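Visitor: Dropping the sequence and predicted coords here.
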2 protein chains.
Amino acid sequence: MTLGEAGLTLAPVGRETVQDRVYSELRRALISGLFAPGQVLTIRQLADALMTSTMPVREALGRLISERALEALPNRSIRVPPISLERIDDLLRTRILIEGEAIALAAPRMTAANIDTLRGYMTQWQVLRLGGDPATVDQEAALNQAFHFEIYSACGSAVLIPMIESLWLQSGPCTRAAIFAFSEAGESDSAHFHHNMIDALASGKAQAAREALVADISRPFAFLRNKLLSKEIAA
Amino acid sequence: MTLGEAGLTLAPVGRETVQDRVYSELRRALISGLFAPGQVLTIRQLADALMTSTMPVREALGRLISERALEALPNRSIRVPPISLERIDDLLRTRILIEGEAIALAAPRMTAANIDTLRGYMTQWQVLRLGGDPATVDQEAALNQAFHFEIYSACGSAVLIPMIESLWLQSGPCTRAAIFAFSEAGESDSAHFHHNMIDALASGKAQAAREALVADISRPFAFLRNKLLSKEIAA
DNA sequence: ATGTTTGATCTGTGATCACACTTGATTTGA
DNA sequence: TCAAATCAAGTGTGATCACAGATCAAACAT
């Protein structure tokens, strides 16, 4: 009798290399906006902070550079890409295109379990906001990410999903500031758009889901855009 | 008197590392389909073939893996991703979405010089086909790539273009077989679609350009799809 | 004859070192 | 006093070595 016949399915154990851990850590730091746009990163400094040798770090940095999450200057120094008005608009337009397609593809494929998971995220999120602790902004961001990718994963495209991950990686340093400002201003009712997305997905309305998503991801970008414009005028 | 005052503008010399050369070479090999889908690549073997140490090779492979041009198996071995029906459809659908958007964005931005360059590519291509030498298939592919990216570059999006490059990298091993079969069958009149694209772009008709592009990139995929289906039936 | 163990070989990974280049402060020169 | 030259610290890059795990074939036991 094999394991399969016994009803047991073993998940692949999947050995994790040091490079993978470094990559995940840098990725998390980038998406949550730990590094400021324009900040230069050095291999040895990161290796010290992560308590490894330079080897895993340089390979992880190479991967992040090829995903456009980091930028290699002609000086051979590495920095997180600085933000500009053109880049913000470019990122938002592309995210609307690709993530909009992903949610439209996912709409007819969402299971009841998927919908339940989404609703669960929203209640968790509500609990966080009721606490009123401003230190929960990182957890909120993580919850937001989990919410979106629960949807995208259902689209069934092994090509689209890595692209969306790359886009989040690129817009992470940008949107961090916007989300933080949102949380302070108390006007972070993107929960409204999330509930719209859930309702649309639950009833299989692809176009409505896409529109709710576009509204959701456009808001922080528009906020950041205004902030950048006023700062430019001030300078 | 500075160089600028003398009217001289020097282009940055841009030192090229060994890793960059290895990366470009592997990239070229992948797009032109030198490696078969499913083929496993080893670092030391590539390092020997490229006459360098393993160091630049492993970093170049890491970059290609994060672009999904190569695949890291849980065995830690590296291979070019095998083709499947789902993957083909996935790649084509995504390419239609993204490259279609790119050409629509490029349509109102094309200069007369751009159009001339495109026409020049077509005449070069015609010369190649008049020669009738079957060994020119690689040059034809290079010309086709130059044609498409002359357009995409005009879209002005620093986010979209790397994504398109990644998509070409992923579909390279797939379409190679199709292009080759086309050339043998003599039915490679994708020149028709290219001329349609030029005409649409020259008159700024974004939608028409998009449709011509979709027809152009769909053909080899449809061909490959049929080939894969008949082979599956035969097996 | 079949299934298991063993052994050699090859693989990717990580660490360490050497080197060329950049950078910034210090010293030197007019 | 100020600009130019100089020196030292720090950077990414590439090479080489050590090591654990994978792979496959031969030898073994059942």
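Guide: Yep, it's here.
Visitor: how about A:I96, what does it touch?
Guide: A:V214, A:I217, A:S218 (Cβ atoms under 8 Å, 6 or more residues apart in numbering or on different chains). All C-beta atoms are positioned from the backbone trio N, CA, C, and that covers glycine.
Visitor: Quick one, which of those residues are buried?
Guide: Buried by 16 or more other Cβ atoms under 10 Å in any protein chain shown: A:V214, A:I217, out of the contacts of A:I96.
Visitor: Which of the contacts of A:I96 sits closest to DNA strand D?
Guide: A:I217 (32.3 Å; Cβ to the nearest atom of the strand).
Visitor: Verify the contact between that closest one and A:E99 for me.
Guide: Yes. Using Cβ atoms under 8 Å, A:I217 makes contact with A:E99 at a distance of 6.6 Å.
Visitor: just to revisit the earlier point, what's the closest of the contacts of A:I96 to A:L34?
Guide: A:I217 (20.9 Å; Cβ to Cβ).
Visitor: Which residue is the nearest non-sequential neighbour of the closest one?
Guide: A:R95 (5.7 Å; Cβ to Cβ, 6 or more residues apart in numbering or on different chains).
Visitor: Buried residues, the top helix by length along chain A. List them.
Guide: In chain A, with assignment by DSSP state H, the single longest helix is helix A:206-234. Of the residues in helix A:206-234, A:206, A:208-214, A:216-217, A:219-221, A:223-225, A:228 count as buried by neighbour count, 16+ other Cβ under 10 Å.
Visitor: For it, name the packing helices and strands.
Guide: helix A:85-106, helix A:160-185, helix A:191-202 (3 or more Cβ pairs under 8 Å, 6 or more residues apart in numbering or on different chains; DSSP states H and E).
Visitor: What count of nearby residues applies to the closest residue to A:L224 other than its chain neighbours?
Guide: Leaving aside its chain neighbours, A:L224 sits nearest to A:A178 (4.2 Å; criterion: Cβ to Cβ, 6+ apart). Neighbours of A:A178 under the rule other Cβ atoms under 10 Å in any protein chain shown: 21.
Visitor: same thing with A:M197?
Guide: Around A:M197 there are 24 residues (other Cβ under 10 Å).
Visitor: can you tell me which residues contact it?
Guide: Neighbours of A:M197 in contact, by Cβ under 8 Å, 6+ apart: A:I103, A:L118, A:I151, A:A209, A:A212, A:L213, A:D216.
Visitor: what's the answer for A:Q145, then?
Guide: Contacts of A:Q145 (Cβ under 8 Å, 6+ apart): A:I31, A:W168.
Visitor: mean confidence score for the host helix or strand of it?
Guide: Assigned by DSSP states H and E, A:Q145 falls within helix A:137-153. Averaged over helix A:137-153, pLDDT sits at 90.
Visitor: List the buried residues for that helix?
Guide: Here helix A:137-153 shows A:V137, A:E140, A:A141, A:L143, A:N144, A:Q145, A:F147, A:H148, A:E150, A:I151, A:Y152 as buried, counting by 16+ other Cβ under 10 Å.
Visitor: Tell me how far A:R44 lies from B:I198.
Guide: Per Cβ to Cβ, to the nearest Å, A:R44 is found 52 Å from B:I198.
Visitor: Which one's more surrounded, those two?
Guide: Here A:R44 and B:I198 are set side by side on neighbour count (other Cβ under 10 Å), and the busier one is B:I198, at 21 against 11.
Visitor: so who does that one touch?
Guide: By Cβ under 8 Å, 6+ apart, the neighbours of B:I198 are B:I115, B:L118, B:R119, B:M122.
Visitor: Most neighbours out of those, which is it?
Guide: In terms of neighbours by other Cβ under 10 Å, those top out with B:L118 at 21 neighbours.
Visitor: circling back: ok, now which ones touch the residue nearest to A:I217?
Guide: A:I164, A:L167, A:S171, A:I217.
Visitor: out of those, who's nearest DNA strand C?
Guide: Of these, the one sitting nearest to DNA strand C (Cβ to the nearest atom of the strand) turns out to be A:I164, at 24.4 Å.
Visitor: that older thread, the residue nearest to A:L224 is in contact with A:R225, isn't it?
Guide: No. Here A:A178 lies out of contact with A:R225, judged by Cβ under 8 Å, at a distance of 9.0 Å.
Visitor: Pop the domain breakdown of chain A in here.
Guide: Domain ranges of chain A: A:18-79, A:85-234, per automatic domain parsing.
Visitor: Any part of the first one near chain B?
Guide: Spelled out, that is domain A:18-79. Yes. On the criterion Cβ under 8 Å from any Cβ of the partner chain, domain A:18-79 is in touch with chain B at A:R58, A:E59, A:G62, A:R63, A:L64, A:I65, A:S66, A:E67, A:R68, A:P74.
Visitor: That domain: end-to-end distance?
Guide: End-to-end span of domain A:18-79 (Cα to Cα, to the nearest Å): 22 Å.
Visitor: how distant is that domain from the center of its chain?
Guide: Centroid separation for domain A:18-79 versus its chain: 17 Å, with Cα atoms, centre = their mean, to the nearest Å.
Visitor: Is that domain positioned near DNA strand D?
Guide: Yes. Residues of domain A:18-79 are located near DNA strand D by Cβ under 7 Å from any atom of the strand, namely A:L41, A:T42, A:I43, A:R44, A:Q45, A:T54, A:M55, A:R58, A:A72, A:R76, A:S77, A:I78.
Visitor: Show the backbone phi and psi for A:W125.
Guide: phi -70, psi -40 (degrees, to the nearest 10).
Visitor: Ok, the one 5 residues further on next?
Guide: Main-chain dihedrals, A:L130, degrees, to the nearest 10: phi -60, psi -30.
Visitor: Pull the number of nearby residues for it.
Guide: 8.
Visitor: What's the separation between it and A:L50?
Guide: According to Cβ to Cβ, A:L130 stands 35 Å off from A:L50.
Visitor: distance of the nearest residue to A:A72 once chain neighbours are set aside from DNA strand C?
Guide: Leaving out its chain neighbours, the residue that sits closest to A:A72 by Cβ to Cβ, 6+ apart is A:I65, at 5.2 Å. Here the criterion is Cβ to the nearest atom of the strand, to the nearest Å. By it, A:I65 lies 17 Å from DNA strand C.
Visitor: neighbours around A:I65, how many?
Guide: Other residues near A:I65 come to 15 when the count uses other Cβ under 10 Å.
Visitor: helix or strand for it, which one?
Guide: Using DSSP H and E, A:I65 falls in helix A:54-66.
Visitor: what packs against the helix or strand following that helix?
Guide: For helix A:54-66, the succeeding helix or strand toward the C-terminus, using DSSP H and E, is strand A:71-72. Counting contacts by 3+ Cβ pairs under 8 Å, 6+ apart, strand A:71-72 is packed against strand A:78-79.
Visitor: For the strand it packs on, name the packing helices and strands.
Guide: On the basis of 3+ Cβ pairs under 8 Å, 6+ apart, strand A:78-79 makes packing contacts with strand A:40-41, strand A:71-72.
Visitor: What pairs with the first one, parallel or antiparallel?
Guide: In this case it means strand A:40-41. Strand A:40-41 has the following strand partners under DSSP bridges: strand A:78-79 (antiparallel).
Visitor: Sounds good, over and out.
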